[in-house]
Each structure stands twice: as C-alpha cells, then as structure tokens.
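Peer 1: got a sequence here, can you build the structure:
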Amino acid sequence: MAKTRPTHGATLNRESRRFNLPERESDGDWLDDRELVDDGPPPLRTTVTVEKPKTIITRNASPDIAFDRSINPYRGCEHGCIYCFARPTHAYHDLSPGLDFETRLFAKPDAPALLREELKKRGYVCRPIAFGTNTDPYQPIEKEWRITRACIEVLAETSHPLTITTKSDRVIRDIDLLAPMAAKGLAAVMISVTSLDPKVAMTVEPRAPHPEKRLAAVRRLTDAGIPTFVSMSPIIPAITDHEMEHIMERAAEAGARAVFFLPVRLPHEVAPLFRAWLDTHFPDRAGKVMSIIQSIRGGRDNDPNFHTRFKGQGAWADLLRTRFHIAAKRYGLDGPRIALRTDLFRPPAGAQGVLF
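Peer 2: Numbering: from 1, shown residues only. Below you'll find the model as predicted:
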C-alpha cells in the first residue's frame, strides 16, 4: 500500500488533461511521481501566489442554486477535504486537483478594493453575496491574509447582505462585524459538520478544525444573535450516513436554526481522487461505497444535471431524505431558510462623498 500524508486528503497528484494544457515540468519540491522514502512521503510546503483578478464578484445563473453571486477570496484550500467539488478548478492553472489543490494556493488581496468598486457601479442591484461556495473563506491562510474580513468590512459599511459557509471555527473572529449586521437582517452563517468521529473527520477533512470546535462555533455565533445553520454536506454512504441523526441532535443543542445535507458529489477529477482515497483508507468497503454512490447518481460516479445533482435519486437517496425529515422535525430543525434584507444597501461613498 502506498504511504500517505496524514495531514493531506488526496493520495494522488495527477495533472488534469481536460484543458489540453502543456506538460508541466517538475520543480524539485513536490513531484507528481516522486519516490517515497522509507520513513514516509516527503513533506509538502504550502505556497501562496498572489492573484490579481479584474473583478471579484462571481455570477451564476444556475436554476438550482439559491444565490446568484459569490466571492472567493482564495483558490485552493488547505483543509484538504477529499470530496471537495472545487478541486477541478485547479486544472485551469495547469495544477493537479489532488495535492496541488491543497498546497498551491492563490490569494486575492485586491478583493476588498475590487468589491468596493463593483458596489459603486451605476445600476448595481443588491442581492446577498455568498462566501464559501467554492473554497473555504476561513481556511488557515485567512489568519494572516485577512481578505475575507476586509471584504466583510466593506459589506458592513454599505449594509450589504451576505452569507458564509465554512467548516472552520475561525469565523468567530469576525463576530464583531457579523453580529451588528445580523441584527439588521444582513448576515447568516452555515457551519459544515460532516462527521463527529475524530478519526473519520481527520481522514475526510484532514486540516479542518475538530468537529467539536465547529459545534462550539455554532453556539458562539448563535449566542451573538447571528442566524446559524449546520450543513452535513456531503453525506458519504457507508462512511458518514449513520451519523446523520446524531449530528442533527448536536446541532440543535448548539442552537442551529436548521440543518441541510447533500449526498456526496464526484465531478470530473474528484471521482478518481475519491476512489484512490477509498482504496487507501477504507479498502474493506470501497466497492460498497461506490456502488451506493452510483445508485444515487443514476449508475454513474456523478450526476451533473440541474435539480437532481444536489438531491440524488433511487432508494438510497429516498431513505436519506426520509431519515432527514423525521430527524429535522424531531429536533426542531425544519424551519424555513432565512431571508436577508436588501433594502438597506447604500453604495460606497466615492472620493466626492468622503469630502462633502
């Protein structure tokens, strides 16, 4: 069996060929096919490259997504979640969706200034901006770069609504900004908790905070008056699905308003990475896990179709939904989604506004 890095999720670092990009020369630091030494794999250094985009608000017109705009302060994610559907985006940079995604990160320090300029544009229509829809806005590098916080400061200044999805308790650092916004109906947070078993969590999400820290963050946010939800996404059949009711019970105890879930998705390069991860960490049930996933996804590793991609189909998907609805009602977690206010938005003041 290949030796693995306990602090990283992917067991592979194969390059994607989906975009017919030229071959990348190895740089002598981490090599895709580097031989392992006797005492384990060579250490990987995390690097951060400054990215200078022209705009920072990403728009989408997907009919099955509840938001139409988002901000991603970072590309790549240190948390190393093996199931992360954002992994294939690293292929655009001629980098591997595997270990490169976890160690070769991109930061956008101009994001707050770009956001301010976009909000000032004539005709801008205010709707909630979602953070954490691609990579986690509170991954470890946020401690030093503070790009997420700086963006929230702009939104707080302009009374612009926002939602945050994260699996990090680092979000409580920004309670001083989020609580006043929440008091005006401008902020909501979703914390991801996929497993309460530390051994499973450190394998599935090796560099994300401990599940108990995340539940403690739910309590801190709730006590501060910030509407907080828990996401059990993704549910991994035969690995985490048995924890559904327990997670919901703990979420209710922590004060969560509601809980949501999605069956695991394996788009593009995520599927082979996930299969290799199963073979390494759960060889006793790898075949069973993939069989169930394929039954949920219409016989394939992944279903990319709108509306069904987030729900799944078949007996297993129906069973998960039934269990979820019963538990949600039992623990009082079946409330409606929160509607954030948009009528309070005021564009940032320009240079003239500041002077006069």
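Peer 1: quick one: low-confidence parts of the stretch 51-200 of the chain?
Peer 2: Within the stretch 51-200 of the chain, the segments meeting pLDDT under 70 span 64.
Peer 1: mind listing the strands for it?
Peer 2: Taking DSSP state E, counting those that start in this stretch to define them, one finds strands in the stretch 51-200 of the chain at 57-59, 69-71, 74-75, 104-107, 129-131, 162-166, 187-192.
Peer 1: tell me which of those is the most buried.
Peer 2: Sort those by mean neighbour count, taking mean count of other CB atoms under 10 Å, and strand 187-192 sits at the top with a mean of 26. C-beta here means a position set from N, CA and C on the backbone, and glycine is covered the same way.
Peer 1: can you list contacts of that one?
Peer 2: Here strand 187-192 makes contact (CB atoms under 8 Å, 6 or more residues apart in numbering) with 132, 161-167, 171, 178, 181-182, 214-215, 217-218, 221, 226-233, 256, 260, 338, 340.
Peer 1: max-length helix in the protein?
Peer 2: Secondary structure of the chain per DSSP state H: the longest helix is helix 314-330.
Peer 1: in terms of secondary structure, what does that helix contact?
Peer 2: On a contact count with 3 or more CB pairs under 8 Å, 6 or more residues apart in numbering; DSSP states H and E, helix 314-330 meets helix 244-253, helix 286-296.
Peer 1: returning to that earlier point: same list, the strands of the stretch 51-200 of the chain, but as a markdown table with distance to Pro267 please.
Peer 2: Formatted as a markdown table, the strands of the stretch 51-200 of the chain follow (distance: least, CB to CB, whole Å):
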| stretch | distance to Pro267 |
| --- | --- |
| strand 57-59 | 17 |
| strand 69-71 | 17 |
| strand 74-75 | 17 |
| strand 104-107 | 20 |
| strand 129-131 | 19 |
| strand 162-166 | 18 |
| strand 187-192 | 18 |
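Peer 1: of these, which is nearest Tyr83?
Peer 2: The minimum distance between Tyr83 and the strands of the stretch 51-200 of the chain falls on strand 187-192, with 11.0 Å, by CB to CB.
Peer 1: so that closest one versus helix 244-253, what angle?
Peer 2: If you take axes from the mean of the first three to the mean of the last three CA atoms, to 10 degrees, strand 187-192 sits at 150 degrees to helix 244-253.
Peer 1: strand 187-192 pairs with which strands?
Peer 2: When sheet partners are counted by DSSP bridges, strand 187-192 sits next to strand 162-166 (parallel), strand 228-231 (parallel).
Peer 1: pull the CA atoms of the shortest one into CSV?
Peer 2: Okay, so that is strand 228-231. Extracted in CSV, the C-alpha atoms of strand 228-231 (Å, rounded to 0.1, in the frame of the first residue of the first chain):
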residue,chain,number,x,y,z
THR,A,228,-26.5,29.9,12.1
PHE,A,229,-27.2,26.7,10.3
VAL,A,230,-25.4,23.4,10.0
SER,A,231,-24.6,21.6,6.8
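Peer 1: let me see the mean pLDDT of it.
Peer 2: What strand 228-231 shows for mean pLDDT is 97.
Peer 1: before we move on, what about stretch 334-344?
Peer 2: Averaging pLDDT along stretch 334-344 gives 91.
Peer 1: please point out which parts of that stretch sit buried.
Peer 2: By neighbour count on 16 or more other CB atoms under 10 Å, the buried set for stretch 334-344 is 338, 340.
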